[in-house]
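Trainee: Sequence below, structure please.
(one chain, ligands or ions: 1)
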Amino acid sequence: MTSSQAPFPAARFRRLRRTAALRALVAEARLSAADLIWPVFVTDVGGADGPVASMPGVSRLTVDGAVRAAEEAARLGIPAICLFPYTDPALKTETCEEAWSPDNLSNRAVRAIKAAVPEIAVMTDVALDPYNANGHDGLVRDGVILNDETVEALVRMALAQAEAGADILGPSDMMDGRIGAMRAALEAAGHKDVTILSYAAKYASAFYGPFRDAVGASGALKGDKKTYQMNPANRDEALRLVARDLSEGADMVMVKPGMPYLDICRDVKDAFGVPTFAYQVSGEYAMLKGAVMNGWVKEDVILESLLAFRRAGCDGILTYFAPEAARALAG
Ligand code: PBG
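Mentor: Next up, the predicted model:
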């Protein structure tokens, strides 16, 4: 590739950077509102709606507020919204039944959004942490996170979400075998067209801190998630996990967090050529937003960070900046 380049001065790279028109013509990656998924926090707990302290500009919304957000997404050309419930602490148990209640907060929000804005794709989170008294994504016995018992619970949860009308299920739990179990159950129940966006390469990351505040899971969490989420040191393992989830029936895969893991995004896209997403998580949002708000960097860092995901091979990005970025892209 490089060897076919003429030497200076025959080759002058600055020729193609001289004007905005020329730069646009030869741009390799592009970002549009259609590449974004907007994660939204929902609550029905009185007084819990409103700003999330560690995520300036982000609020927990009521179900009505989430419907208005979906309408805004539709106006801005954002194709999908992803729901995360802030559950009433009184409903959290060690057995997590609320997770598969047909009328839980998340399922009610899905129905309300699909009724009001059917063209928006609604994504849900398949993991037990918002319903778990101990804050973990899986069932816990004697301090151990149980894999197979958790998978059974996740299957019930996935079916309830499909029944409510979710278009995209996002298993974010990192248990082994959950994609295959969910896919088989969805087929058997007649939900053949419900898609799965697997959190295939999800790392045990300190960048999730503000999210746990937003969904009210920080206080509850005992210990850490290192026995199920990936070690940030690992790269080969990410590819093995993506291969595994695809073989079990995932339609799309995700790398999470985003910006510190762009190498993994590129590896996944190159190795599999499947729809690949990254999650620019809460801590990444907080860092960028905080620096912009303090005037330490210009707000251009937002679109630059999102374009970087596209350059790294991602088809789309889950980002709390979605509405702000879509407005900026619209000019
Ligand atoms: C939990 C879940 C987490 C996020 C999405 N789903 C947090 C965690 O694994 O502890 C993080 C998202 C973010 O930080 O923005 N199932």
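Trainee: count of neighbours near residue 270?
Mentor: By other CB atoms under 10 Å, 11 other residues sit near residue 270. For glycine as for every other residue, the C-beta is placed from the backbone atoms N, C-alpha and C.
Trainee: So which elements touch the strand or helix carrying it?
Mentor: For residue 270, the host element (DSSP states H and E) is helix 262-272. Helices and strands touching helix 262-272, by 3 or more CB pairs under 8 Å, 6 or more residues apart in numbering; DSSP states H and E, are strand 195-202, helix 236-247, strand 252-256, strand 276-280, helix 300-311.
Trainee: I'd like these as TSV, with mean neighbour count appended.
Mentor: Compiled in TSV, those are given as follows (neighbours: other CB atoms under 10 Å):
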stretch	mean neighbour count
strand 195-202	25
helix 236-247	17
strand 252-256	25
strand 276-280	27
helix 300-311	18
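Trainee: so which of the ones you listed comes closest to residue 104?
Mentor: strand 195-202 (19.8 Å; CB to CB).
Trainee: Can you give the distance of that closest one from its chain's centre?
Mentor: The chain centroid and the centroid of strand 195-202 are separated by 9 Å under CA atoms, centre = their mean, to the nearest Å.
Trainee: next one: stretch 96-104
Mentor: Worked out by CA atoms, centre = their mean, stretch 96-104 lies 21 Å from the chain centre.
Trainee: Please apply the same query to stretch 58-78.
Mentor: Relative to the chain's own centre, stretch 58-78 is displaced by 16 Å; criterion: CA atoms, centre = their mean.
Trainee: Please apply the same query to stretch 160-180.
Mentor: Per CA atoms, centre = their mean, the centroid offset for stretch 160-180 relative to its chain is 13 Å.
Trainee: Stretch 277-287 now?
Mentor: Taking mean C-alpha positions (CA atoms, centre = their mean), stretch 277-287 and its chain are 9 Å apart.
Trainee: What lies in contact with that stretch?
Mentor: Stretch 277-287 has contacts (CB atoms under 8 Å, 6 or more residues apart in numbering) with 37, 39, 54-56, 58, 197, 199, 205-211, 214, 252-259, 261-262, 265, 305-306, 309, 312, 314-321.
Trainee: follow-up on the earlier one: and the helix holding residue 270, how far from the chain's centre?
Mentor: Using CA atoms, centre = their mean, the offset of helix 262-272 from its chain centre is 17 Å.
Trainee: for stretch 313-325, which positions count as buried?
Mentor: Neighbour counts using 16 or more other CB atoms under 10 Å place 313, 314, 316, 317, 318, 319, 320, 321, 322, 323, 324, 325 of stretch 313-325 among the buried residues.
Trainee: and what of stretch 133-141?
Mentor: If you call a residue buried by 16+ other CB under 10 Å, then stretch 133-141 has these buried ones: 134, 135, 136, 137, 138, 139, 140.
Trainee: ok, which pair from those residues is furthest apart?
Mentor: Largest pairwise distance in the buried residues of stretch 133-141, by CB to CB, is 12.3 Å, between 135 and 139.
Trainee: can you tell me which of the buried residues of stretch 133-141 are up against the ligand?
Mentor: Filtering the buried residues of stretch 133-141 for proximity to the ligand by CB under 6 Å from any ligand atom leaves residue 137.
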